[in-house]
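Peer 1: make a model of this:
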Amino acid sequence: MERALGLQVTSLPCHGSSQNKFPATCIIAVTNVNFSHGILPNGTAKTAFRVQCHRNRRNCFDGSQFFPQKTIGLYGFHQFHAGTKRKQVTHRTAVCQLAGAADPTLPSSTDISLGPIFRGICFYSVTFMLAIPLFLVMLVVHPLVLLLDKSRRQFHHLMGKIWASLTLFPFCKVAIEGIENLPASDMPAVYVANHQSYLDIYILMLLGRSFKFISKTSIFLIPIVGWSMFLTGHIPLRRMDNKSQMECLRRCLNVLKQGASVLFFPEGTRTKDGKMATFKKGAFSVAVKARVPVVPIVLIGTGDIMPNGMEGILRSGSVKVIVQPPIEGADADELCEKARTAISEQLIIHGYGVH
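Peer 2: Just a heads-up that it's a prediction; the model follows:
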């Protein structure tokens, strides 16, 4: 049993699975916590901390939980499953790691109330209402765009930036660091970013670069939004189809050779446990073949606001985007390692895990 100025936790040695080895103390239960001016078990003074848990049994809490500056009574952790009721997780089914400092303004990732649900409904209502008039403008000028700017389609990207900016403005604050590291708008590049949330594309559109991104073929069938993606020239992909994957990479290479840029999420999918996964090499092979730089981008906070698998809710909070200096090279493996290191270092600094 450990205590520190109102912080009371029950702790046991870690029992990390073969995929998760925990060197620190694992929290299995937290009760009657007062975090105001508290001290973490490692002796660091904090006004809030994050408990990060990893699933090791069915129904176990999996993700991150933020505790703000107030007294809370907790008896085990909770996990919300979309479409089901809240389930209580006891110390017998949870293994949690104290992950260090976190933003005390962020809510618990398991806190599902009417507020986030209402915000989610408002978010999607706003995004579709904005998309309709902007799509009509894109549709009207599309023949002219194809005639004058078939490769980059900068006008359509401008419409996308306006759409993303107006959609996000009422719901979250976005801070962008390293904007000076972005290549010139007319310079082709491969942009790579970690993938936490459905919100990531919205956030990246704010950078104002005419990049094409890869998306599932089914997304292009969504009325208005999917049609706008088609007009902009984004690239469809049928997952689990090797032929489609090869065709996708070929199209990316052609896009770069024609002077446009491409955005990749080299993890291949959104994170399932809050940790950045290993990178696939496709994006970096394309960059080497096209002889263009790779620009690593770090996304922080999108997964806390709209977690993967919980796209129907939207929590309040802020997002940070960190644009790292471009990387160049003639070896795809080396580029992959450098880009992953540049992104993972920032994630770790901000309290997020990396596989």
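Peer 1: can you show me the strands along the stretch 101-250 of the chain?
Peer 2: Here the stretch 101-250 of the chain has its strands, by DSSP state E, counting those that start in this stretch, at 173-177, 190-193, 211-216, 235-237.
Peer 1: let me know which of these is the nearest to residue 146.
Peer 2: Closest to residue 146 of those, according to Cβ to Cβ: strand 211-216, at 14.9 Å. For glycine as for every other residue, the C-beta is placed from the backbone atoms N, C-alpha and C.
Peer 1: make sure residue 319 is indeed in a strand.
Peer 2: Yes. Residue 319 sits within a strand when classified using DSSP: H, G, I helix; E, B strand; the rest coil.
Peer 1: pretty sure it is touching residue 303, no?
Peer 2: No. When contacts are counted by Cβ atoms under 8 Å, residue 319 is not listed as touching residue 303 (9.8 Å).
Peer 1: how much space separates the closest residue to residue 161 other than its chain neighbours from residue 341?
Peer 2: Excluding the flanking residues, the one nearest residue 161 by Cβ to Cβ, 6 or more residues apart in numbering is residue 205, at 5.2 Å. Residue 205 sits 26 Å away from residue 341, going by Cβ to Cβ, to the nearest Å.
Peer 1: between those two, which one's more packed in?
Peer 2: Between residue 205 and residue 341, residue 205 has the larger neighbour count (other Cβ atoms under 10 Å), namely 23 against 14.
Peer 1: looks like the more buried one contacts residue 164 (just checking).
Peer 2: Yes. Counting by Cβ under 8 Å, residue 205 does reach residue 164; the two are 3.9 Å apart.
Peer 1: in the protein, which helix or strand is least confident?
Peer 2: strand 71-72 (a mean of 28; mean pLDDT, DSSP states H and E).
Peer 1: and the residue lying closest to residue 321 once chain neighbours are set aside, what does it touch?
Peer 2: Leaving aside its chain neighbours, residue 321 sits nearest to residue 176 (4.6 Å; criterion: Cβ to Cβ, 6+ apart). Residue 176 is in contact with 206-207, 320-321, 323, counting by Cβ atoms under 8 Å, 6 or more residues apart in numbering.
Peer 1: swap in residue 162?
Peer 2: residue 134.
Peer 1: distance-wise, check it relative to residue 169.
Peer 2: 11 Å.
Peer 1: same check, this time on residue 218
Peer 2: Going from residue 218 to residue 169 by Cβ to Cβ gives 28 Å.
Peer 1: do residue 245 as well
Peer 2: Taken as Cβ to Cβ, the span from residue 245 to residue 169 is 36 Å.
Peer 1: neighbour-wise, which of those two wins?
Peer 2: Legend: neighbour count by other Cβ under 10 Å for residue 245 and residue 169, higher for residue 245 (15 against 11).
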